[in-house]
Structure formats: C-alpha cells, structure tokens
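Asks: Below: sequence and its predicted model.
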Amino acid sequence: MINVGVLGATGAVGQRFVELLSDHPWFNLTTLAASERSAGKPYGKVVNWRLETPFPEKIAKLKVTAITPSAMKDVDLVFSALPAEIAQDVENTFADAGIAVCSNASSHRMEPNVPLVVPEVNPEHLGLIDVQRDAGRDGFIVTNPNCSTIMLVSALAPLRKFKFSDIRVATMQAISGAGFAGVAAMSIYDNIIPYIGKEEEKMETETLKIMGTLKGKKVVNAPFQVSASCHRVPVIDGHTMAVWVDIKEPVETVKKAYADYKPPIKGLPTQPAESVHLCAEEDRPQPRLDRMRGHGMTVSVGRVREGLRFVAMGHNTIRGAAGASVLNAELISKKKYL
C-alpha cells in the first residue's frame with residue numbers, strides 16, 4: 001500500500017478525495033491536512049460532511065495536520081484540493097521536499113514541464129515527470145484539467161481518427177463546481193448565469209495541451225482551435241455541454257467510433273468499464289439520470305447529429321475533479337513513478 005494524504009480535506013473536492021480514498025485498494029489514506037483552525041483536531045469533528053454518501057467513520061479519528069511537508073513526512077503522495085492561489089507555492093514546496101503531488105488546482109496546469117493528464121486521453125504525457133526530476137526536483141507535480149475540460153477531451157478522444165480544426169462548445173455547469181458556498185441561492189434559483197470566471201480560457205487552452213503531442217521535453221499543442229461559452233445553471237452535480245466539431249464524416253461513422261472506442265489504458269481501480277458511453281435515447285444524457293454512470297467516472301455522449309453536433313455530460317466533482325486526480329495517481333503508480 002502507498003501512504004497518501006489530502007491537502008484541503010474539508011472542502012467540496014477534498015471531501016470527494018476522502019470518499020474515494022477511504023477504501024482504496026492501492027492507497028492508504030493516512031493524513032488529512034486543512035487550515036490552521038482545524039489542525040490538531042479529529043477530522044470527524046471539523047468536517048461538515050455534505051456528500052450524498054455516508055461519512056467514512058474509519059477516518060473520523062484521524063487528526064487533521066497543518067499543510068506542510070514536515071507534517072506529512074510519512075506519505076509518498078498527496079492529493080491537492082487547495083484553492084489555486086494557495087496551491088501555487090504549497091504544491092511546489094511539497095514536490096521540492098520529495099513528495100509526489102496530484103493536483104486538482106489550476107496553478108501549474110499550463111507550466112511546460114508539468115503533465116496535464118486525462119489517463120484515457122494522454123497517458124504518455126506523464127513523461128514530463130522525468131523532465132521535472134532532471135531539473136533536480138525529488139518529487140513532482142501532475143495535474144488534472146478543469147472539470148469542464150475533462151468532459152470535452154473525453155468526448156473528443158474517440159474522434160481523434162477524424163480530421164477537424166474547429167471546436168465550439170457551450171457548457172451548462174452545475175453549481176457544485178463553485179464549491180459549497182460558491183453561488184448564492186438568490187443568484188442561481190430561476191436563473192442562468194452566463195459567466196464563470198476564467199472557465200472559457202481554461203477550456204480553450206487546456207484542451208490543446210491535453211490533446212497535443214509530447215515531443216522530447218515539451219508538449220506541442222494540438223492543431224485545432226477551441227471556442228467556449230460557459231454558463232452556470234441550477235443543477236447540483238453534472239456538467240453538460242453542447243459541442244460542435246467540423247467533422248465531415250457521416251453520423252453513423254462517428255457513432256461507430258464511439259461504440260468501438262477502447263481507451264489506451266486499463267487495469268486501474270477507479271477507471272470505469274466505459275470511459276465514454278454513447279446514449280441511444282434521443283433525450284440523453286441528462287445530469288440527474290446519467291451523472292453516476294461508472295460510479296461518476298463515465299462521460300456520457302448523446303444526440304450525435306450532422307454538423308457535427310453532440311451533447312456530452314459528466315459528474316464534475318468526481319470525473320471532473322477528485323476522481324480524475326485519483327485516476328492519475330493510479331496511472332503514476334502503475335508506471336512506477338512512485
């Protein structure tokens with residue numbers, strides 16, 4: 001077993017990490033770190049558990065530590081659910097101290113030597129870990145993308161065999177993507193908010209890096225353009241998006257590509273049986289009905305039409321956040337980077 005910890009363990013994504021790691025077959029959750037006001041107290045006493053799954057009582061008595069490498073010296077890897085402005089320096093400190101960091105924060109995603117990974121899409125980009133180590137770092141940082149970007153690139157992965165140069169996407173994003181207190185009730189009830197700070201820029205840049213090619217010590221961006229428009233809608237969990245891609249192949253050919261799709265990796269505990277599910281129903285996917293497919297790790301695609309147009313949807317705090325980071329860690333372990 002590999003000893004792991006969670007940074008920011010009391011927040012929305014931190015709680016998802018705890019949920020996914022409490023009974024993990026490869027990882028032993030030994031350390032939970034949070035703010036100074038929680039440090040030294042049992043996790044069960046300081047966390048306001050808000051997930052729909054029962055609180056994992058086995059970790060209730062774990063004492064919360066400070067967010068420092070010295071307080072987590074017995075772990076091999078940490079999962080970061082820290083806000084970006086805090087993660088920037090903290091994650092570097094942990095990596096410099098010889099600890100592997102799997103981060104859900106945006107701070108390091110676009111740095112040239114940091115892998116931005118979705119295992120079913122670009123597992124080879126983990127080669128950038130060697131670039132970090134060659135520069136003298138004992139640990140390393142690996143990031144997963146923004147929650148909406150993960151849904152988009154997962155839905156695009158089966159289409160790589162086709163030629164395209166232009167992608168347009170309009171998202172309908174759940175309120176849980178903004179954290180427990182991220183959107184005021186009076187702002188989102190009976191409403192749609194047509195702006196999410198920096199979300200469009202993340203989709204437009206991260207997608208190109210993820211679907212790019214690792215050449216030597218750097219990633220060459222994918223040769224297409226992404227234009228995104230992002231919206232917050234009154235759905236609790238599950239990001240939905242309408243996607244337009246300038247693919248000329250017939251719809252049936254595209255549907256067959258989805259049906260035949262086999263991810264380049266297998267044998268990871270968190271990986272679902274279907275990374276991408278093609279919905280046959282004309283009114284699917286829907287967040288309430290499809291977000292927990294594959295235990296929340298499957299991206300569902302439907303309404304594939306001429307144009308090419310389709311709808312993609314996935315669980316934003318599982319597939320789009322904590323689950324993605326845990327899957328990255330499993331791939332890192334499988335490839336013997338720890």
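Replies: That came through, no problem.
Asks: Any idea how many residues pack against the residue lying closest to Asn122 once chain neighbours are set aside?
Replies: Of all residues not flanking Asn122 in the chain, Ile210 sits nearest, at 5.4 Å (Cβ to Cβ, 6 or more residues apart in numbering). No exception for glycine: its C-beta is placed from N, CA and C like everyone else's. Using other Cβ atoms under 10 Å, Ile210 is surrounded by 27 other residues.
Asks: next one: phi and psi at Ile210?
Replies: Main-chain torsions, Ile210, degrees, to the nearest 10: phi -60, psi -40.
Asks: do the same with Ile99
Replies: As for Ile99, its main-chain torsions (degrees, to the nearest 10) stand at phi -100, psi 130.
Asks: count of neighbours near it?
Replies: By other Cβ under 10 Å, the residues close to Ile99 number 22.
Asks: Excluding covalently adjacent residues, which one is nearest to it?
Replies: Closest to Ile99 by Cβ to Cβ, 6+ apart is Gly139, at 4.6 Å.
Asks: That neighbour against Phe94, yeah?
Replies: Yes. Counting by Cβ atoms under 8 Å, Gly139 touches Phe94, with 6.3 Å between them.
Asks: Now for Ser227: which residues touch it?
Replies: 166-169, 204 (Cβ atoms under 8 Å, 6 or more residues apart in numbering).
Asks: so where do the strands sit in the stretch 51-200 of the chain?
Replies: With strands called from DSSP state E, counting those that start in this stretch, the stretch 51-200 of the chain shows them at 64-65, 77-80, 100-103, 140-143, 166-172.
Asks: just to revisit the earlier point, for Lys58, state which of the contacts of Ser227 is nearest.
Replies: Minimum distance to Lys58 across the contacts of Ser227 is 40.5 Å, recorded for Val169 (Cβ to Cβ).
Asks: and the closest residue in space to Gly238 that isn't next to it in sequence, what does it touch?
Replies: Take Gly238 and drop its neighbours on the chain: the residue closest to it by Cβ to Cβ, 6+ apart is Pro287, 2.9 Å away. Neighbouring residues of Pro287 by Cβ under 8 Å, 6+ apart: 174, 235, 237-240, 313.
Asks: so of those, which ones are in strands?
Replies: Among the contacts of Pro287, the members found in strands (DSSP state E) are 239-240, 313.
Asks: which among the residues you listed gets closest to Val47?
Replies: His239 (24.9 Å).
Asks: Make sure that closest one is actually in contact with Gln173.
Replies: Yes. If you go by Cβ under 8 Å, His239 and Gln173 touch, sitting 4.7 Å apart.
Asks: More neighbours: those two, which one.
Replies: Under the criterion of other Cβ under 10 Å, the comparison of His239 against Gln173 puts His239 first, with 31 against 24.
Asks: that older thread, make CSV from the contacts of Pro287 and add distance to Gln271 and pLDDT to it.
Replies: CSV is the format used below for these (distance: Cβ to Cβ, whole Å; pLDDT from 0 to 100):
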residue, distance to Gln271, pLDDT
Ala174, 23, 98
Val235, 25, 97
Asp237, 20, 97
Gly238, 20, 98
His239, 20, 98
Thr240, 22, 98
Met313, 19, 98
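Asks: between the residues you listed, which is closest to Val64?
Replies: Using Cβ to Cβ, Asp237 is the member of these that lies nearest Val64, at 25.7 Å.
Asks: that older thread, joint contacts of His239 and Gln173?
Replies: 147-148, 316.
Asks: Of those, grab the buried ones for ChimeraX.
Replies: Buried subset of the shared contacts of His239 and Gln173, written as a ChimeraX selection, criterion 16 or more other Cβ atoms under 10 Å:
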select :147,148,316
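Asks: Nice, that's everything, thank you.
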